[in-house]
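S.K.: structure for this input, please:
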Amino acid sequence: MRKINLTFLILLLITATVSAGDKNTDKLFKDKYIKKTMKRALDWQLEHPKHQLYDWTNGAFYAGVFAAYETLDSKKVWDAMYEMGEANNWKPGPRLHHADDHAICQTYIDMYRVSGDKKMIEPFEETMKKFVATPYEAEGIHEKTWWWCDALFMAPPAFVKLGITLNDDNYLKLSDKLWKETYDLLWDKEHHLYARDMSYLWNTPGIKERKEANGKKIFWSRGNGWVMGGLVRVLQELPTDYANRDFYIRNFKEMAAAIVSLQQEDGLWRSSLLDPELYPGGEASGSGFYTYALAWGINNGILDKDTYLPAVKKAWIGLNGLIQSDGHVGWCQPIGQDPKKNFGPESWEVYGTGAFLLAGSEVIKLQD
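M.R.: Below you'll find the model as predicted:
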């Protein structure tokens, strides 16, 4: 714990130094600097692979890799994605209804739109036909197909991207249905945040009440970051006249207002949103997804620039303070389903890098 507190103090000093003068702050928002930092983080991560390539962790990472490809216009980045697709045989993961196993397909579809090579999406098309034809079998209390909030980043963008690509709105309607089930199950109308899953709900018969040390509800930063990222990636696809688009816009705006109110002084978010004092150090993956989502909302005229731009700038400064000397994105909470505090600058994960790359891809588009 002493080591973590020391590194946290160092991080605060770095952030304070970066924030202290306009010259230091300004450079972080220059196109050249953003591209250089994105490339550095990406190069390090590609040299340090982790997990099965079809895994949800890499689904989030390669979403960021494709965003980096668009930003950097790099053949090397394209080749890295292509190698991943070939190694996976362009297939999703093996679990048919499990949202996590569809996340990697977002990148396949994005690549298909560039190359026109049908092999990149044909396995996913076949999987989705089986998905539609095969009823979901509930396990225990998990009556809904997607009963955990981070599922909303994993599968809906892939379903909607496929529907738009094939001009088949049945996939959009399927995504709407399953998203709304998760929303009805996990959305907290008081805090405008998502519970991680059913086991974190309050006042629910048969479920033991769980709360933070300060007595407040548990809202996991990364989980809600996944949701905001999912909202962005669905809204990017949906036509402006799509019947249910307003639902996603409303959900996105409500979450954005809540998230900004929970931003900490260093520009980042703690792994527990409502008990930040118990969790030292800004958490990279949740903070990265929030920065990405808020910047996208500004860039697309959905969020008020005067209200949200200062928060995004503060967040980007904080995120840059998490980049370590070798280029890796530190302070990333390890895999888990709830807030953690036992991690520091040496702690990295592929999804933390993915979130950082997504954030950079939108910050670079900001206009003062």
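
S.K.: and residue 112, how far from residue 167?
M.R.: Noted for residue 112: a distance of 14 Å to residue 167, by CB to CB, to the nearest Å. In short, each C-beta sits where N, CA and C put it, glycine included.

S.K.: neighbour count winner among those two?
M.R.: Counted by other CB atoms under 10 Å, residue 112 and residue 167 do not tie: residue 112 has more neighbours, with 21 against 6.

S.K.: remind me which residues of this structure are low pLDDT?
M.R.: Within the chain, the stretches falling below the threshold (pLDDT under 70) are 1-23.

S.K.: could you rerun that using 80?
M.R.: Across the chain, residues meeting the criterion (pLDDT under 80) sit at 1-24, 140-141, 203-209, 368.

S.K.: show me the strands in it, by range?
M.R.: Counting by DSSP state E, the chain has strands at residues 187-188, 193-194.

S.K.: between those, which gets nearest to residue 89?
M.R.: The closest of those to residue 89 is strand 193-194. By CB to CB, the value is 33.2 Å.

S.K.: by contact count, what packs against that closest one?
M.R.: The contact analysis (3 or more CB pairs under 8 Å, 6 or more residues apart in numbering; DSSP states H and E) places strand 193-194 against helix 221-235.

S.K.: could you check how far the helix it packs on is from the centre of its chain?
M.R.: Centroid displacement of helix 221-235 relative to its chain, using CA atoms, centre = their mean, to the nearest Å, is 5 Å.

S.K.: and that helix, what's buried?
M.R.: Within helix 221-235, the residues scored as buried using 16 or more other CB atoms under 10 Å are 221-235.

S.K.: check contacts around residue 160.
M.R.: Shown in contact with residue 160 (CB atoms under 8 Å, 6 or more residues apart in numbering): 171-172, 175, 233-234, 237-238.

S.K.: which residue packs closest to it, ignoring adjacent ones?
M.R.: Sequence neighbours aside, residue 237 is the residue nearest to residue 160 in space, at 4.6 Å (criterion: CB to CB, 6 or more residues apart in numbering).

S.K.: swap in residue 282?
M.R.: residue 268 (2.5 Å).

S.K.: tell me how many other residues crowd that neighbour.
M.R.: Counted with other CB under 10 Å, the neighbours of residue 268 add up to 28.

S.K.: wait, doesn't it sit right on residue 316?
M.R.: No: counting by CB atoms under 8 Å, residue 268 stays clear of residue 316, with 10.3 Å between them.

S.K.: so what's the closest residue to residue 285 other than its chain neighbours up against?
M.R.: Of all residues not flanking residue 285 in the chain, residue 352 sits nearest, at 4.4 Å (CB to CB, 6+ apart). Contacts of residue 352 were listed using CB under 8 Å, 6+ apart, and they are 284-285, 288, 329, 332.

S.K.: ok so, going back, okay, the contacts of residue 160 in CSV with distance to residue 147 next?
M.R.: Shown next, in CSV, are these (distance: CB to CB, whole Å):
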residue, distance to residue 147
171, 21
172, 22
175, 16
233, 20
234, 19
237, 24
238, 24
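
S.K.: for the residue nearest to residue 138 when sequence neighbours are not counted, what are its contacts?
M.R.: Leaving aside its chain neighbours, residue 138 sits nearest to residue 144 (7.9 Å; criterion: CB to CB, 6+ apart). Each residue near residue 144 by CB under 8 Å, 6+ apart is listed here: 138, 178, 181-182, 185.

S.K.: looking at the buried residues of helix 221-235, which is nearest residue 264?
M.R.: For the buried residues of helix 221-235, the residue nearest residue 264 by CB to CB is residue 221; the value is 10.6 Å.

S.K.: thank you, goodbye.
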